[in-house]
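Engineer: here's a sequence, model it:
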Amino acid sequence: MRTMFRSVVLFSFTSSLLAISSVVSAADGVSVKLDTGFAIPLTDPQAARFHPGVGVKVQPLVGLTPWLDVGPSVSVIAMPRARHGIVTGTVLGLGGGLRIKRPRDASNTGTGWGAASPWLDGDVQYVRTGDKDRPGVALGVGVSVPTSESRNLWVGPFARYQNVFQGEHAGHDTRDAKILVLGLSVELGSGVVRQTFDGDFDYDGTPDS
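Structural biologist: Below you'll find the predicted structure:
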């Protein structure tokens, strides 16, 4: 089972890298966000059956307004078994949602925490756990910081709550699965094009004089 766990993690990580590489030259207003972190089961029976594992989410985003983005999402959570007789816990999610954020346009200058962009996102999902299909939702909150004035790479911490609904006919245990993912968010996009001219060496749109 450890081999299966490693395979799931490797597949998720490789797929995420390929998705990001495909949008290095993304169009204006388009980005791809990769969230990777530790996945912690919050409630039984999952907390009793599985150790903390890893969670990965990839989401292309299209900006509808400076503060609102939408896009599809793919997520994978893998948690190693805590006792014999059960398999590795996996949660595969396909869905889509929206993100509300502090605008990252040309009016927001500088780098570091002074230019940070707090965000809140939510997804409605189709979830596959083992051999069962279930609905799910995910709610995340985080802060992204630009790594340069070009604004094409943002990084920062995040926390995401995942809820998988079991339903009345899920079996002998109908409690929802609740998982917390804590980690680092990396977002790659087209950046912000700033109007520059001679005498504006810090590229903030204002003459240095």
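
Engineer: please report phi then psi for the most centrally placed residue in the chain.
Structural biologist: Note on the chain: the residue nearest the mean C-alpha position is D35, at 3.4 Å, using C-alpha atoms, centre = their mean. Dihedral pair for D35: phi -110, psi 120, per degrees, to the nearest 10.

Engineer: the one 4 residues further on now?
Structural biologist: The phi/psi pair for A39 (degrees, to the nearest 10) reads phi -100, psi 120.

Engineer: who does the strand ranked longest in the chain pair up with?
Structural biologist: Longest strand in the chain, counting residues (DSSP state E): strand 132-146. Applying DSSP bridges to the sheet, strand 132-146 is found paired with strand 117-129 (antiparallel), strand 153-164 (antiparallel).

Engineer: any idea what the residue nearest to K101 when sequence neighbours are not counted is bridged to?
Structural biologist: Among residues not flanking K101 along the chain, W119 sits closest, at 3.8 Å (C-beta to C-beta, 6 or more residues apart in numbering). Placement of C-beta: from N, CA and C, glycine included. Beta-bridge partners recorded for W119 (DSSP bridges): K101, G142.

Engineer: run a quick neighbour tally on W119.
Structural biologist: As a burial measure, W119 scores 23 neighbours (other C-beta atoms under 10 Å).

Engineer: okay but it is in contact with W154, surely?
Structural biologist: No - at 9.6 Å, W119 does not count as touching W154 under the criterion of C-beta atoms under 8 Å.

Engineer: joint contacts of the two?
Structural biologist: The contact sets of W119 and W154 overlap at S144 (C-beta atoms under 8 Å, 6 or more residues apart in numbering).

Engineer: centre of the chain to stretch 177-191, how far?
Structural biologist: Offset of stretch 177-191 from its chain centre (C-alpha atoms, centre = their mean, to the nearest Å): 3 Å.

Engineer: meant to ask about stretch 89-109
Structural biologist: In terms of C-alpha atoms, centre = their mean, the centre of stretch 89-109 is found 7 Å from the chain centre.

Engineer: can I get the CA coordinates of it in PDB?
Structural biologist: The C-alpha trace of stretch 89-109 is given here as PDB (Å, rounded to 0.1, in the frame of the first residue of the first chain):
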ATOM      1  CA  GLY A  89      -7.400   6.700   1.600                       C
ATOM      2  CA  THR A  90      -7.900   8.700  -1.700                       C
ATOM      3  CA  VAL A  91     -10.200  11.500  -2.500                       C
ATOM      4  CA  LEU A  92     -10.300  12.500  -6.200                       C
ATOM      5  CA  GLY A  93     -12.300  15.700  -6.900                       C
ATOM      6  CA  LEU A  94     -13.500  17.300 -10.100                       C
ATOM      7  CA  GLY A  95     -15.400  20.500 -10.000                       C
ATOM      8  CA  GLY A  96     -15.300  24.200 -10.400                       C
ATOM      9  CA  GLY A  97     -15.900  27.400  -8.500                       C
ATOM     10  CA  LEU A  98     -14.900  31.000  -7.900                       C
ATOM     11  CA  ARG A  99     -12.300  33.000  -6.000                       C
ATOM     12  CA  ILE A 100     -12.600  36.400  -4.400                       C
ATOM     13  CA  LYS A 101      -9.300  38.300  -4.000                       C
ATOM     14  CA  ARG A 102      -7.700  41.700  -3.500                       C
ATOM     15  CA  PRO A 103      -7.100  43.100  -7.000                       C
ATOM     16  CA  ARG A 104      -3.700  42.500  -8.500                       C
ATOM     17  CA  ASP A 105      -3.800  45.100 -11.300                       C
ATOM     18  CA  ALA A 106      -1.500  48.000 -11.900                       C
ATOM     19  CA  SER A 107      -3.000  50.100  -9.100                       C
ATOM     20  CA  ASN A 108      -1.400  47.600  -6.600                       C
ATOM     21  CA  THR A 109       2.300  48.300  -6.800                       C
END
